[in-house]
Every structure is written in structure tokens, then in C-alpha cells.
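>>> Predicted model follows, preceded by the sequence.
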Amino acid sequence: MDVEIWSDIMCPFCYIGKRKFEHALSQFPHKDQVNIVWKSFQLNPDMQTEPGKNINQYLSEIKGWSLDEAKQMNDRVTAMAQEVGLSYDFDKAVVANSFDAHRLIQLAKQNGLGDAIEERLFKAYFTEGRDTSDHDTLVELGTEIGLDATVIQQMLAGTEFTEAVHGDVYEAQQVGARGVPFFVLNRRYAVSGAQQPETFLGALDTAWAEWAKTNPVIPQLTADGPTCTPGEIC
């Protein structure tokens, strides 16, 4: 059963929602048959990368808040993150356009590493204060999870996966996502926001019950024995 997750790496609730969903999934009896599909979503496609400015300053400017008000809000979010074991440092977070990071996510997905790159990018942005628009940084983060450095460099130098990112953003509109995180289960049920694990677990149970009706799982009652597989000489 597919669970599609629309997310932006600069969204603090997306990282928190990832942890809460993971907690729910760990309790789900059929977790081994759940396929997580990460989808791109840009909260601010026009954001200009400004390495010398942190998120507190950015929010103060675009929201018309004082710097203290922006910091207080982010302090509350930091406390929420701590509740699920995450460490946020908004004083270090770099204002950066996330488009190239999303292209890297698309490359990682193609190689079965979608979850790994999401996790690495979230940590780089919210905890380490890395510039996630910088190509050298993206190459480093991608190679850490097992991607080839040359492949990443070639991708970033061109326009590869641009349409894939735009396609995910368009698809978000079609499924009713107006913000992130946005979870779609079995293309039938949606959960919006960083909900509590109990909410995610209930959604998984409901979606699974419907999915299983048309995708029956054959139970294996005994341990594995000797078998022949296609292409083998037995």
C-alpha cells in the first residue's frame, strides 16, 4: 500500500510530522507492506537564497513581526520538535530556495533512497544550519546516503528532474494539498499536518482495510523450505 507524503525540507512541521508518522508506522502490523513515496512541494518557490540571514530574520521581514516575535514563535516550534526527539536551531537555519534540494530528492527516489535523503536534508537544514541550496553541500549530503557524487554534480549542472518537481507540485493541487506535510494513503484517504501518531495509525488501519480487499495477502503458514526460482538449475 502506498503512502505519499508531500513535504518541503524548509517546513518545520514536515520533519515533526515525519517522526510522528514513523512512530505510528512502527506500531502498524502491516508496516512491511507500506511503501513510502516522498513528493516535492515548495512553500515559497520565489524565495531568494540569503546565507547571511537566518529564519528568524526572514520571518520578521515577510510577516511584519518583530525579531522577538519571530523568535518566540520558532521557540515554540523548537519545543514541539523536542517532544519527538528532534533538535532545531533556527538561529543557524539558512534562508535558502529548496528547488535544487527537491531535484536531489527526485534523484534519490529513483535510486530507492527517498526517505534517506529527506531525513538528511531535514537534519542539515534544521539542526546543522547548512545551506541546502548550495551545490557542494547537496553533493556532500547525497554522497553520505549512497548516491554517486558525479551523478549528483551532473544533475545539478543541468535541468534534470525539474519536470518531476513541478509535476509533484501540480499533483498536490489535484489531491487537495494546500499546505504540508500532506499524507495520502492508498490514494483514498488524506491526513493534513503533523498529526499525533494515533491519528496516523487510525488512518493506516482504515486505508489498509480497504486496500487489502483488492490486494489479498497470501499468508505463509510455515517457515521457508528448499525452493527453485526462475533461472536456477535445481
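Yep, it's here. Numbers count the residues shown, from 1 in each chain.
>>> CA atoms for contacts and neighbours, from now on please.
Fine.
>>> This protein: helices as residue ranges?
Counting by DSSP state H, the chain has helices at residues 12-26, 55-63, 67-83, 99-110, 114-126, 135-144, 149-157, 162-174, 197-214.
>>> Not including adjacent chain positions, what is the nearest residue to Thr127?
Spatial nearest neighbour of Thr127, chain neighbours left out: Tyr88 (4.9 Å); criterion: C-alpha to C-alpha, 6 or more residues apart in numbering.
>>> quick one: contacts for the one you found?
Contacts for Tyr88 (C-alpha atoms under 8 Å, 6 or more residues apart in numbering) come out as Thr78, Ala81, Gln82, Phe126, Thr127.
>>> buried subset of these?
Thr78, Ala81, Phe126, Thr127 (16 or more other C-alpha atoms under 10 Å).
>>> Skipping adjacent residues, who's closest to the second one in space?
Nearest residue to Ala81 in three dimensions, chain neighbours excluded: Ile16, at 5.9 Å (C-alpha to C-alpha, 6+ apart).
>>> The one you found: neighbouring residues, count only.
Here the count is done by other C-alpha atoms under 10 Å, and Ile16 has 26 residues near it.
>>> same thing with Thr214?
Applying other C-alpha under 10 Å, we find 8 other residues in the vicinity of Thr214.
>>> Local confidence estimate at it?
Looking at Thr214, its pLDDT stands at 88.
>>> what does Phe183 give?
Phe183 is assigned 98 on the pLDDT scale.
>>> Name whatever forms a beta bridge with the closest residue to it other than its chain neighbours.
Nearest residue to Phe183, sequence neighbours excluded (C-alpha to C-alpha, 6+ apart): Ile5, at 4.6 Å. Note on Ile5: beta-bridge partners Trp38, Phe183, judged by DSSP bridges.
>>> Can you give me the distance of Ile5 to Phe182?
As judged by C-alpha to C-alpha, to the nearest Å, Ile5 and Phe182 stand 6 Å apart.
>>> Pull out the buried residues from the helix or strand bottoming out on mean pLDDT in the chain.
One helix or strand of the chain scores below all others by mean pLDDT, DSSP states H and E: strand 50-54, with a mean of 85. Residues of strand 50-54 classed as buried under the neighbour-count rule (16+ other C-alpha under 10 Å) are Pro51, Asn54.
>>> Show me what that strand is in contact with.
Phe90, Asp91, Lys92, Ala93, Val94, Val95, Ala96, Asp131.
>>> Now tabulate those residues in a markdown table and tack on neighbour count, distance to Pro45 and pLDDT.
Below are those laid out as a markdown table (neighbours: other C-alpha atoms under 10 Å; distance: C-alpha to C-alpha, whole Å; pLDDT from 0 to 100):
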| residue | neighbour count | distance to Pro45 | pLDDT |
| --- | --- | --- | --- |
| Phe90 | 22 | 20 | 93 |
| Asp91 | 16 | 22 | 90 |
| Lys92 | 20 | 21 | 91 |
| Ala93 | 24 | 18 | 92 |
| Val94 | 26 | 16 | 93 |
| Val95 | 26 | 12 | 92 |
| Ala96 | 23 | 10 | 94 |
| Asp131 | 23 | 16 | 96 |
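>>> residue contacts, Gly193?
Going by C-alpha under 8 Å, 6+ apart, Gly193 touches Phe13, Cys14, Gly17, Gly179, Val180, Pro181, Phe182.
>>> so which pair among those is furthest apart in space?
Greatest spacing in the contacts of Gly193, by C-alpha to C-alpha: Gly17 and Gly179 (12.6 Å).
>>> between these two, who's got more neighbours?
Legend: neighbour count by other C-alpha under 10 Å for Gly17 and Gly179, higher for Gly17 (27 against 18).
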